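K.L.:
Could you look at this predicted model? Sequence included:
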Amino acid sequence: MMTYRLRLCEDNISANAQYLTVPLGLNCIIYVVTGELTIRGEKEETAVKKETAAFTGGPCKVQAGPKASRVLRFELFKDSGGAEAGIESTSDVKSRILLESPIELDQSADYVMRCDRVDFELGSEALPHGHRGGGIRWLIAGELMVKQGEGEYHAMQIGEAWFEDGKKPVHAIASKNERTAFIRVSILPLEIKGKSSIMYVNPEDAGRSKPRTYALYVDELIEI
């Protein structure tokens, strides 16, 4: 096993501005919160609209559309002591690190980097569960009470990020007053590409109705 790091950055890009990503590794997912982007890689160009995501496998140019864009940038890279590479600070691009967490990966195994969105019905809950891999969540709407392992419940607010290692059981309860949703990027075994990663603490819970919906944006085989 080797220690990698999964980092979430927020980029605020002025209208029509562009910047060159300086990835710490080959694997990056860009999710557009507001505005729209064009991502230009070595071989292709990808348009990314509001509330969608794209995978990049190397250096690329990111250009905002006619309006300013707010972007979530998830990067997976080898642990190098928390280097600041890839953090922009210009008049047109303002970046900041929202969260960075270590993640253990087997270099002999194959993985996918997945980005999806989870929407909860009012007051619904995700019963105690784990996942086949770790990942970062970012709350995009509502409020979510989250308990990991034997810890206390924490009220996650819009714009707040947290890491789940997939091993500690998680219990989540959505707001009763407003719709709740989060964006998630996870590193998962290749064999579950296109499949759910969830594992319930009580196997009987797997057969219960799940009052939440999922939107899958990226499920890409990666190099580590």
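P.N.:
Yes, it's here. On a predicted model such as this, the values are computed, not experimentally measured, just so you know.

K.L.:
Now for the protein, the helix or strand with the poorest mean pLDDT.
P.N.:
The helix or strand of the chain with the lowest confidence, counting by mean pLDDT, DSSP states H and E, is strand 18-20 at a mean of 80.

K.L.:
and the helix or strand just after that strand, average pLDDT?
P.N.:
Sequence-wise, the next helix or strand downstream of strand 18-20 (DSSP states H and E) is strand 27-34. Strand 27-34 carries an average pLDDT of 95.

K.L.:
wait, isn't A155 in contact with L139?
P.N.:
No: using C-beta atoms under 8 Å, A155 is not in contact with L139; the gap is 10.0 Å. Any C-beta I mention is one placed from the backbone N, CA and C, and that applies to glycine too.

K.L.:
So these two - more neighbours on which side?
P.N.:
L139 (19 against 11; other C-beta atoms under 10 Å).

K.L.:
which residues touch the more buried one?
P.N.:
Residues near L139 by C-beta atoms under 8 Å, 6 or more residues apart in numbering: M156, Q157, I158, G159, E160, A161, T180, A181, F182.

K.L.:
what do you get for A215?
P.N.:
D116, R117, D119.

K.L.:
In PyMOL, how would I select just the buried ones from the residues you listed?
P.N.:
To isolate the buried members of these in PyMOL, using 16 or more other C-beta atoms under 10 Å:
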select buried, resi 116+117+119
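
K.L.:
The residue of the chain most remote from its centre in helix, strand or coil?
P.N.:
Ranking residues of the chain by C-alpha distance from their mean position (C-alpha atoms, centre = their mean) puts E204 at the top, at 28.3 Å. Here E204 is recorded as helix under DSSP: H, G, I helix; E, B strand; the rest coil.

K.L.:
If you drop the residues flanking it in sequence, what lies closest to the residue nearest in space to the middle of the chain?
P.N.:
Residue closest to the average C-alpha location in the chain (C-alpha atoms, centre = their mean): V185, at 2.8 Å. In space, and not counting its chain neighbours, V185 is closest to F74: 4.1 Å by C-beta to C-beta, 6 or more residues apart in numbering.

K.L.:
So what sits opposite that neighbour in the bridge?
P.N.:
L8, I29 (DSSP bridges).

K.L.:
is it true that it touches D11?
P.N.:
No: counting by C-beta under 8 Å, F74 does not reach D11; the two are 11.4 Å apart.

K.L.:
Can you report how many residues neighbour the nearest residue to E164 once chain neighbours are set aside?
P.N.:
Using C-beta to C-beta, 6+ apart and skipping the chain neighbours, the partner closest in space to E164 is V170 (5.8 Å). Per other C-beta under 10 Å, the neighbour tally for V170 reads 23.
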